[in-house]
Structures are given as structure tokens and as C-alpha cells.
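Undergrad: What follows is a predicted protein model with its sequence.
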Amino acid sequence: MFNEKDLQQIAAHGLTPEAVEHQIENFRRGFPFLGIVRAASPADGVVVVDEAAAEEAVKRYEQATDTLGVVKFVPASGAATRMFKELFSFVNEGKRTAGIDKLVGEIEHFAFWPELKALLPEGCDDTTLVNTIINEGLNYGAKPKGLVTFHSYPEGARKAVEEHLAEGAAYATAKGVARIHFTVSPEHMEGFKSLLEEKVPFYEARYGIRYDISFSVQKTSTDTIAVNPDNTPFRQDDGSLLFRPAGHGALIENLNDIDADVIFIKNIDNVTTDARRGDTVRYKKILAGLLIALQERSFEYLKALEVGGADLEAIAAFVEQQLCVKLPEQYDAALLKAVLDRPIRLCGMVRNEGEPGGGPFWVKNEDGTESLQIAESSQIAPEDMHLMQSATHFNPVDLVCGVKNSKGEKFDLRGYTDPATGFISSKSAGGRDLRAQELPGLWNGAMAKWNTIFVDVPITTFSPVKVVQDLLREQHQ
């Protein structure tokens, strides 16, 4: 199947011929749907925290930051192409929509308006205005969301990446240092670095802390081969194979390289202003405090199982009621130990108000247990889609992760993925159709074998910017 040049290209990606052949087999076989049991809901897989428990969790986390390694992990790869898709259609094809009318009519309400205004010729038409946003001018069509100006303040506008500095100061600071890690595309690395070199001293002085900023890029060893519609390897005009980034699920490798006790995960575009950030900060601390308490109990029970003579019924009750893993009727100490000895994540879940996103579900596992997973619509069989419609909550990507075991050693997170999950889509290159394959999503299949606890969080913690007009929402004004 592969010639000598192919083998060299595969090796250069950090892949093996066997791995690429397995990817091709995935195209042929397809990915199975998840074994969905039901949607999780309050009192059945979604924890609703009362005020007393919330205060206790905040206090627990704040007291623990003196001894914990804390990192805020922000996936920030890729250009903001989808954010400006409507604008490209207007400039390139003349498609004027209600969204364009809204953009032009309220242009002075965008935080980037002062930058844009300085670039516009006198009396320019709407096409020139929109073109200056996405092409020569602000060039936002080729920039990542992190480098787009989101919010206005009296002291000046902030780009999305700066809002993560402000957030990090509020809940991800330990021993006076806020460690923040951004995953970025290689072509955008310098843009991030130069902006942060300029801005970090201002925020350090403002919040009285020090920042430890780090970056990583998606590893080429996680790329997947593209195939023709008949599932044979897609070859480019020069005869070489085509490899494509395998989606954000590939970032489990980047996450695995982070050395920390507690890792917060949040998307680059889900930020709000200083005035509206209170709930976000509070609930991040609540999630982290709950995580620490669950870890401590898990570690205690693991040690009891290792010593022998542990009360299996008490441990089983904790596993089912607190870790949200339903055990089979027949279980033993080995199964309990296997369940307890896993990475753990607490995921904020927002009440379903029509926003897009995966949802919280109970799923069946091969070991006879049922556990909680975040599932996208593409993972759910057609006959189970009604379960998605009945979901009370959806996933805003609001995670707090515990990635060390009872001995303080890091888990190898690559061992807790579900390689049987993935997604196949139709794309094109050079005017030719192809099929592309994505790895399991970072918070879907890439964390499928973690212990997962869902927690109800308010909608005020969720303010994503999927299209540019979202910046006109009150959360961003």
C-alpha cells in the first residue's frame, strides 16, 4: 500500500505504517455509536450544589492552593474562520444577510471599532468595511480567536487571550503564580507570544501576581491520513499522502505533558468582562473544591483496598453515589480499585437553553458498569436521538481535572481514551473530494475512561463567541 516515499513521510509525522493502516481501517469500518442509556439530569447524574456545600468547596480550594500545582489549559488553535464565515460570503459572493445588516448597523458597538475605524477610507461602502475586518486591515479572517479584540474597557480594549489572563489571576493562582498553557497553531505562535510579552507586565502589576505562560502545538503524530471516497489513500498532485490534524481530541497528548495537580480547561472564546465574571470565578472554585474532596476520599479507599479487609459496601456506595459509576450486581475489590484509580474530572453543565453543544449522558461500559460521558450528536445512534432531545443540560466545556494518582504520580492520560470513538467527515482538497477522520474529542472519547462528575452551573458562566455578532451580546458589552 505504501511506497518508500510514503514510509518516509509517515515516519516524519511520528507515525508508523501500522497506525496509518489502522486509521484506514477505521474509514472502512466506521465508528460505533455510544451505548447511551439515558440523559443525565438533576438527581440522576447532574449534581446541584446547595449554598452550604458551595461555600465549603470554595473554602477548601482556596486553602489548598498553597500546596497544589494549578494550571489553566486553554485550547486556542486554529483560525477564527467560522467566526467570520458570513463576512467572507458577503465579500466574496455578495451574499447579504441579516447578520451582515446587524454587523454594519451596530459596528460602533464592537470593541475592535476604534482599530477598524483608523484603517477605513473616508466614506467607504459596506463591502470595504467588512473586507477590512477579515482581509487586509484587521486581517481577522486569518487570525485565531485569541488575537481578536473582544471587549472594551476605559483603559483600552482586550483581546480574548487577555481575558484568560484576567480569569487566571482570579482562580488559577497558586503561591502567587498563575500558570496558563495555550495550545496554538505553529503559524500563530509568534502572534500570541508578542502580544503576551507586551501585555503580561500590565496584568502582573494589576493583580499583584506573576504569570507563568507556556505554549504547545498539536503533535503531528496525532494527524490522520485522508482517503478518497473509496477509502484508498488520498494522494496530492505530487503523489504524496495527505495528513490532516485530527481535531481537538489530539490535545490529550498536550494535556498529558502538563505537570499539575489541578488543571482547569476552558475554550479560548468563552470569556466575559470583568463586571460579569463573578459567577465564572466562583463556580470554578466550587468545581475544584469538590474535585479535591472526591480525590481525597478515593485515595483513602484505594489505600484501604491495598491493605485488605476494606468495607466493600461502603466503597461501592461512594463509587455509585459520589463518583457516579453504577456497578454491576456482582463486583469485587479489583473492580472497585480499577474504578477508583483513574483520572477524575468535574464538568460544569449548563441548563439547556437552545445553545449548541454535546450533553451529559449515562453510557454502558465493557466492564459492566455505567458511567457518565459527554456525547455529541454524531456519537448517538438515530434510534437514541430522542434521548438527546430530552437532555436538561449541555456541555459548555468547563472542566476541572485531577490527573495524579494516590501516590502523587501523574496518570498517563493516553491510557484512558476510547479509541473506538471518532468522527468521519467529507472534505475536499485541490477540488477533489476526500474523507477525513478526527480523533475522539478531548472532552468526549479522549476522556471516556475518566471518572466524570457533572455539576449544574449557571448560564452566566457560559458566554462563547461562535460568530462575530455574538460580541454584541450583553456578556461582551
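TA: Happy to help now that I have it.
Undergrad: Any stretches of this protein with poor pLDDT?
TA: Residues of the chain meeting the criterion pLDDT under 70: 354-357.
Undergrad: So which elements touch the helix of greatest length in it?
TA: Taking DSSP state H as the criterion, the chain has its longest helix at helix 278-307. Counting contacts by 3 or more C-beta pairs under 8 Å, 6 or more residues apart in numbering; DSSP states H and E, helix 278-307 packs against helix 51-64, helix 160-171, strand 262-266, helix 312-321, helix 333-340, strand 344-351, strand 398-402, strand 451-457. Every C-beta, even on glycine, is put in place using the N, C-alpha and C of the backbone.
Undergrad: Buried ones in it, by neighbour count?
TA: Using 16 or more other C-beta atoms under 10 Å as the test for burial, helix 278-307 gives 280-295, 298-299, 301-302, 304-305.
Undergrad: and what of stretch 328-347?
TA: By neighbour count on 16+ other C-beta under 10 Å, the buried set for stretch 328-347 is 331, 335-336, 339-340, 342-347.
Undergrad: Keeping just the C-alphas, turn that stretch into PDB.
TA: Extracted in PDB, the C-alpha atoms of stretch 328-347 (Å, rounded to 0.1, in the frame of the first residue of the first chain):
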ATOM      1  CA  PRO A 328     -22.900  -4.400  38.200                       C
ATOM      2  CA  GLU A 329     -24.700  -6.600  40.800                       C
ATOM      3  CA  GLN A 330     -21.600  -8.700  41.100                       C
ATOM      4  CA  TYR A 331     -18.500  -6.700  41.900                       C
ATOM      5  CA  ASP A 332     -15.300  -7.300  43.700                       C
ATOM      6  CA  ALA A 333     -12.400  -5.400  45.200                       C
ATOM      7  CA  ALA A 334     -10.500  -5.500  41.900                       C
ATOM      8  CA  LEU A 335     -13.300  -3.700  40.100                       C
ATOM      9  CA  LEU A 336     -13.600  -1.100  42.900                       C
ATOM     10  CA  LYS A 337      -9.900  -0.500  42.800                       C
ATOM     11  CA  ALA A 338     -10.000  -0.100  39.000                       C
ATOM     12  CA  VAL A 339     -12.700   2.500  39.200                       C
ATOM     13  CA  LEU A 340     -11.100   4.500  42.000                       C
ATOM     14  CA  ASP A 341      -7.600   4.500  40.300                       C
ATOM     15  CA  ARG A 342      -8.500   6.800  37.400                       C
ATOM     16  CA  PRO A 343      -8.100  10.500  36.400                       C
ATOM     17  CA  ILE A 344     -11.100  12.400  37.600                       C
ATOM     18  CA  ARG A 345     -12.900  15.400  36.100                       C
ATOM     19  CA  LEU A 346     -15.700  17.700  37.300                       C
ATOM     20  CA  CYS A 347     -17.600  19.200  34.400                       C
END
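Undergrad: OK, contacts around the closest residue to Arg158 other than its chain neighbours?
TA: In space, and not counting its chain neighbours, Arg158 is closest to His151: 5.0 Å by C-beta to C-beta, 6 or more residues apart in numbering. Neighbouring residues of His151 by C-beta atoms under 8 Å, 6 or more residues apart in numbering: 111, 157-158, 163, 271, 273, 476.
Undergrad: could I get those residues as CSV with secondary structure and neighbour count?
TA: Shown next, in CSV, are the contacts of His151 (DSSP: H, G, I helix; E, B strand; the rest coil; neighbours: other C-beta atoms under 10 Å):
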residue, secondary structure, neighbour count
Ala111, coil, 20
Ala157, coil, 16
Arg158, strand, 22
Glu163, helix, 22
Val271, coil, 29
Thr273, coil, 19
His476, helix, 20
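Undergrad: out of these, who's nearest Ala448?
TA: If you rank those by distance to Ala448 using C-beta to C-beta, Val271 comes first, at 27.7 Å.
Undergrad: and the gap between that closest one and Ala166?
TA: Between Val271 and Ala166 the distance is 8 Å, computed by C-beta to C-beta, to the nearest Å.
Undergrad: cool, and Lys102?
TA: Here the criterion is C-beta to C-beta. By it, Lys102 lies 28 Å from Ala166.
Undergrad: Neighbour count for these two, which is higher?
TA: Here Lys102 and Ala166 are compared on neighbour count by other C-beta atoms under 10 Å; more neighbours surround Ala166, at 20 against 14.
Undergrad: isn't that one right next to Tyr203, touching?
TA: Yes. Between Ala166 and Tyr203 there is a contact at 6.8 Å, judged by C-beta atoms under 8 Å.
Undergrad: what do those two both touch?
TA: Jointly contacting Ala166 and Tyr203 under the rule C-beta under 8 Å, 6+ apart is no residue at all.
Undergrad: Reformat the buried residues of stretch 328-347 as a markdown table; add distance to Leu195.
TA: As requested, the buried residues of stretch 328-347 are exported to a markdown table (distance: C-beta to C-beta, whole Å):
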| residue | distance to Leu195 |
| --- | --- |
| Tyr331 | 52 |
| Leu335 | 50 |
| Leu336 | 49 |
| Val339 | 44 |
| Leu340 | 43 |
| Arg342 | 38 |
| Pro343 | 32 |
| Ile344 | 34 |
| Arg345 | 30 |
| Leu346 | 31 |
| Cys347 | 30 |
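Undergrad: quick one: which of those is nearest Leu387?
TA: Set against Leu387, the nearest of the buried residues of stretch 328-347 by C-beta to C-beta is Cys347 (18.2 Å).
Undergrad: so the closest one makes contact with Gln373?
TA: No. At 9.9 Å, Cys347 does not count as touching Gln373 under the criterion of C-beta under 8 Å.
Undergrad: what residues are shared contacts of those two?
TA: Joint contacts of Cys347 and Gln373 (C-beta under 8 Å, 6+ apart) are 360, 452.
Undergrad: quick check: domain ranges of this protein?
TA: According to automatic domain parsing, the chain comprises the domains 4-65+222-247+269-476, 82-142.
Undergrad: Now render the ones you listed as TSV, adding distance to Ala172.
TA: Listed next are those as TSV, based on distance: least, C-beta to C-beta, whole Å:
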stretch	distance to Ala172
domain 4-65+222-247+269-476	8
domain 82-142	24
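Undergrad: what's the closest of those domains to Ala76?
TA: domain 4-65+222-247+269-476 (9.0 Å).
Undergrad: Centre of the chain to the closest one, how far?
TA: Distance of domain 4-65+222-247+269-476 from the chain centroid (C-alpha atoms, centre = their mean, to the nearest Å) equals 9 Å.
Undergrad: go on, stretch 149-160?
TA: 24 Å.
Undergrad: Can you give me the end-to-end span of it?
TA: One end of stretch 149-160 sits 6 Å from the other (C-alpha to C-alpha, to the nearest Å).
Undergrad: before we move on, the earlier item: go through the domains of the chain and pick out the most buried.
TA: When you average the neighbours per residue for each of the domains of the chain (mean count of other C-beta atoms under 10 Å), domain 4-65+222-247+269-476 leads with a mean of 17.
Undergrad: residue contacts, Thr392?
TA: Neighbour list for Thr392: 39, 41-42, 46, 351-352 [criterion: C-beta under 8 Å, 6+ apart].
Undergrad: end to end, how far does stretch 349-362 reach?
TA: From its first residue to its last, stretch 349-362 covers 14 Å (C-alpha to C-alpha).
Undergrad: related to what we said a few turns ago, could you identify the most distant pair in the contacts of His151?
TA: Ala157 and Val271 (13.2 Å).
Undergrad: Between these two, which contacts overlap?
TA: Among the neighbours of Ala157, those also in contact with Val271 (C-beta under 8 Å, 6+ apart) are 150-151.
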